[in-house]
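1. Take this sequence and fold it.
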Amino acid sequence: AEPSSETSPAVGSRVGASRRWPWAQDRRGRAIELTTLCGLAIAQPVFAVMGENTAELVALQADGAALVLFAVGLVTVPPAVLWLLEEAVERVSPSALRVAHPVLLGVLFALFAAQLFGDVPAVPAVVVLAGAVGAGAAFVAMYRRWAPVRLWLRYLAVACVAFLVAFLVLSPVRRLILPPPVTVVAAPPEDRPDVVVLILDELPTLDLLRPDGSIDAERFPAFARMVSTSTWYRNSTTSAAWTVLAVPAIMTGRYPEDTLAPMTADHPDSLFTLLGGAYDLNVWESVTRICPSSLCPTGDDHPPLLRQVRGLAQLSGAILRQRTSPFEKVERRMQFDAAGPAPTRPDQFRAFVDSIQPGERPSLDLLHVGLPHQPYLTLPSGAAHDGPDTPPGLVDGNTWLHDLAAGAGHQAHLLAAQATDRLLGDLLDRLEATGQFDDAIVVVTADHGVAFDAALPYRAMTPETSDVVAYPPLFIKYPGQRSAAVSDVPAESVDIVPTIAEVVDIPIPWPVDGVSLLDESAVVGPQRFQPYWIDEVVPGPDGYAEIDAVPFDQRVARQRQVIDDVVDDRALFALPGGADLVGADVTDLDVVGEPVTATIGFAGADRTVRAGEPVPAFVLSGFDAPPDGSIAVAVDGRIALTGAAAVVDGQVSSFWGFLPEAALPAGDHRIELYVVTGAPGSEQLRPVTLRPRS
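-> Reported below is the predicted structural model:
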């Protein structure tokens, strides 16, 4: 019998499907297509942003091996995962694969399109979202219908190799992978003084002052102690308001450039190469890697390879969320936690202090630590508290939402600054105990300041914030100095290295922008500043803005209200709009009226302070209706905190702040809230019924 020319329906269905969807049977082709679109939607955007933000990679302590492993994984792992997912789908239902593969490609193309649309200025989020969805749907239709689209997609896979090579070989990341060699200045140890440098973070000089311009010795005894035997450069300015620019300027004596990353490859000439031939180096950097690895090898605290890769993967996730979300501002620069993991910073300071030891050769002991940089996690005693990591009401990391946010933020900052003062005292004690203090040059400074005014940005340099942002403290105790001195020369942070060089008698073999402060006739200004990103000062032809030279006494006078607002503990715990009732007993006041209702968060109304545990000092309350007066918080019947609630349209009226540590000794405590009305001297307190915040 002749064989039948007809095919069974099942076989005919498979043949028809193969002809209509040939890509469904091509495993290798599908893998290539997924690789192409993962490269466009995931790898390339991450590579582009990371390549422009090597400071972020430096902060993560990512070395060359981790960067290569991460980059290769970013190109290969996402498409491999999606391909395996498709294989699983095909095993369950081959017909479902015909839908799943184009849909995955469409989603990836939509993510790619969202980034393109998001880069267009002033495009509404809804338009970006609609455009991305439309582009993804159109791509699916073209992919299914037209073979040239599928062919183009496969040929384009070579771009993934180009993305990888561009990131590892052509971008600034290459200098992290293969740093160039550095030259260490050859100098004999001889009889040179020890050098100690402490660089704090986010500390304006203004926060240390009394209204008369002196250091507040009661609040900051260690700073006052430092001033008593050092030269205080009261007009010293920073060169930038961003840590990754400001700290390298301190370490190199050169004005910062925003195209350079805070690493050895971009700053081969530094204090470390100057002293490395004659000095033993004990260097603790937080977010910079200026000291060459040949002089400062990584210690036991350096993260292992897999932890570095995990950190890079987490960073890439943050980048993709920003780049692909139509509801977030697309910004290729990234902010980052500029000072390392916040809870470990005091421990880092203490470990540095313990590491200081005199040796046969002179030593350089240098610490840059993220204190009192926010998040503000410590009270004056150094104990941890239960407050939030980020100051409430600090929007986008730079804008205070209202007066309460700025006032409570300043309060938290000063409490953390007092804890930092205690650590500075430990450092001075150590130097005296080892016999190094008298003959050493000791430098205490900060990278920049910050502002706590609802009308002003938190850390951006503007004409209005320059008094606090541009003027961090600079104290230098010279070898043999035993009495206080004050200098009002226009010093700059770039003058620190030239000053140290003259003191230790090692000439600097590279050009520097700073001058030695020992030759005050050479310190003439102008004081320059590198604007960056959100700074609102106009640079000159050389790229630097000039800071207006305002005498110290004049700056103190025009910032008098800022100082008075926190002049003592009574003022510190009276937040903006608060009644002058801190320290008063509730029984001595007029408590009247029906209670209002509110929630209380964090530790609640009944609090227990236990040794070794965070102190429950943070108060957060949300009112069911906007209060008709300011707020007072009592601890065990005594007013400990006052201020005005934040009333914002569309949001719950809220009040928050920290209670004094002295009001919370070990044991049980009762927290009560009151609404305060009436004129000063005749206040009336209306009780607040509190319930736990859900």
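2. What residues does residue 685 make contact with?
-> Taking C-beta atoms under 8 Å, 6 or more residues apart in numbering, we find residue 685 in contact with 586, 589-592, 632, 674-676. In short, each C-beta sits where N, CA and C put it, glycine included.
3. now, which of these sits nearest residue 356?
-> residue 632 (46.0 Å; C-beta to C-beta).
4. How about the secondary structure of the closest one?
-> Using DSSP: H, G, I helix; E, B strand; the rest coil as the criterion, the local structure at residue 632 reads strand.
5. Listing request: residues of this protein with sub-threshold pLDDT.
-> 1-25, 120-123, 299-301, 325-343 (pLDDT under 70).
6. domain assignment for it?
-> 9-177, 195-296+336-523+537-564, 573-692 (automatic domain parsing).
7. Need the winner for burial among these.
-> domain 195-296+336-523+537-564 (a mean of 20; mean count of other C-beta atoms under 10 Å).
8. before we move on, the earlier item: kindly reformat the contacts of residue 685 as TSV containing secondary structure and distance to residue 85.
-> Below are these laid out as TSV (DSSP: H, G, I helix; E, B strand; the rest coil; distance: C-beta to C-beta, whole Å):
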residue	secondary structure	distance to residue 85
586	helix	64
589	coil	67
590	strand	69
591	strand	65
592	coil	67
632	strand	59
674	strand	59
675	strand	58
676	strand	61
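9. Which single one of these is nearest to residue 376?
-> Residue 376 lies nearest to residue 632 out of the contacts of residue 685, by C-beta to C-beta, at 22.9 Å.
10. What separation do you get for the closest one and residue 643?
-> 9 Å (C-beta to C-beta, to the nearest Å).
11. hey, what's in contact with both of the two?
-> residue 578.
12. mind checking the SS state of residue 184?
-> coil.
13. what does residue 47 give?
-> At residue 47 the chain is in helix, as set by three-state DSSP.
14. and the closest residue to it other than its chain neighbours, what does it touch?
-> Ranked by C-beta to C-beta, 6 or more residues apart in numbering and with sequence neighbours excluded, the top spatial neighbour of residue 47 is residue 167, at 4.0 Å. By C-beta under 8 Å, 6+ apart, residue 167 lies in contact with 47, 50-51, 71, 173.
15. okay, these in JSON lines with distance to residue 207 and secondary structure next?
-> Shown next, in JSON lines, are those (distance: C-beta to C-beta, whole Å; DSSP: H, G, I helix; E, B strand; the rest coil):
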{"residue": "47", "distance to residue 207": "41", "secondary structure": "helix"}
{"residue": "50", "distance to residue 207": "35", "secondary structure": "helix"}
{"residue": "51", "distance to residue 207": "37", "secondary structure": "helix"}
{"residue": "71", "distance to residue 207": "43", "secondary structure": "helix"}
{"residue": "173", "distance to residue 207": "37", "secondary structure": "coil"}
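16. Count residues in the vicinity of the closest residue in space to residue 436 that isn't next to it in sequence, would you?
-> Among residues not flanking residue 436 along the chain, residue 194 sits closest, at 5.1 Å (C-beta to C-beta, 6+ apart). Here the number of neighbours of residue 194 (other C-beta atoms under 10 Å) works out to 25.
17. Residue 365 is in contact with residue 194, correct?
-> Yes: if you go by C-beta atoms under 8 Å, residue 194 and residue 365 touch, sitting 7.3 Å apart.
18. and of the domains of the chain, who's closest to residue 314?
-> Nearest of those (C-beta to C-beta): domain 9-177, 9.1 Å.
19. tell me the SS of residue 461?
-> Here residue 461 is recorded as coil under three-state DSSP.
20. neighbours of the residue nearest to it when sequence neighbours are not counted, just the number please.
-> Distances taken as C-beta to C-beta, 6+ apart put residue 535 closest to residue 461, at 4.2 Å, once the chain neighbours are dropped. Burial of residue 535 is recorded as 21 neighbouring residues (other C-beta under 10 Å).
21. State the helix or strand in which residue 535 lies.
-> Residue 535 belongs to no helix or strand when assigned by DSSP states H and E.
22. measure it to residue 27 for me?
-> Residue 535 is 53 Å from residue 27, by C-beta to C-beta.
23. Repeat that for residue 270.
-> Here the distance between residue 270 and residue 27 works out to 54 Å (C-beta to C-beta).
24. In the chain, which helix is the longest?
-> helix 403-433 (DSSP state H).
25. And the next helix or strand past it?
-> Per DSSP H and E, the first helix or strand lying C-terminal to helix 403-433 is strand 441-446.
26. Packing partners of that following strand?
-> strand 195-200, helix 221-227, strand 474-477, helix 496-504 (3 or more C-beta pairs under 8 Å, 6 or more residues apart in numbering; DSSP states H and E).
27. Tell me which strands that strand pairs with, and in which orientation.
-> Here strand 441-446 is paired, per DSSP bridges, with strand 195-200 (parallel), strand 474-477 (antiparallel).
28. Out of those strands, which is closest to residue 37?
-> Between residue 37 and the strands paired with strand 441-446, the shortest separation by C-beta to C-beta is 45.5 Å, and it involves strand 195-200.
29. now the end-to-end length of stretch 574-588.
-> Length of stretch 574-588, first residue to last, C-alpha to C-alpha, to the nearest Å: 19 Å.
30. For that stretch, give me every contacting residue.
-> Here stretch 574-588 makes contact (C-beta under 8 Å, 6+ apart) with 403-404, 406-408, 411, 565, 569-570, 573, 589, 630-632, 634, 637-644, 657, 672, 674, 676, 680, 683, 685.
31. how far is that stretch from where the chain is centred?
-> 34 Å (C-alpha atoms, centre = their mean, to the nearest Å).
32. again with stretch 240-251
-> Distance of stretch 240-251 from the chain centroid (C-alpha atoms, centre = their mean) equals 13 Å.
33. Same check on stretch 145-159?
-> 42 Å.
34. first to last residue in it, what's the distance?
-> In stretch 145-159, first residue to last residue: 24 Å (C-alpha to C-alpha).
35. now swap in stretch 497-511 and tell me
-> End-to-end distance for stretch 497-511, by C-alpha to C-alpha: 12 Å.
36. contacts for that stretch?
-> Contacts for stretch 497-511 (C-beta under 8 Å, 6+ apart): 185, 187, 192-193, 195, 197, 250-254, 269-271, 274-275, 278, 362, 441, 443, 476, 478-479, 512, 514-519.
37. next one: stretch 73-80
-> 31, 34-35, 38-39, 42-43, 46-47, 160, 163-164, 309, 313, 316.
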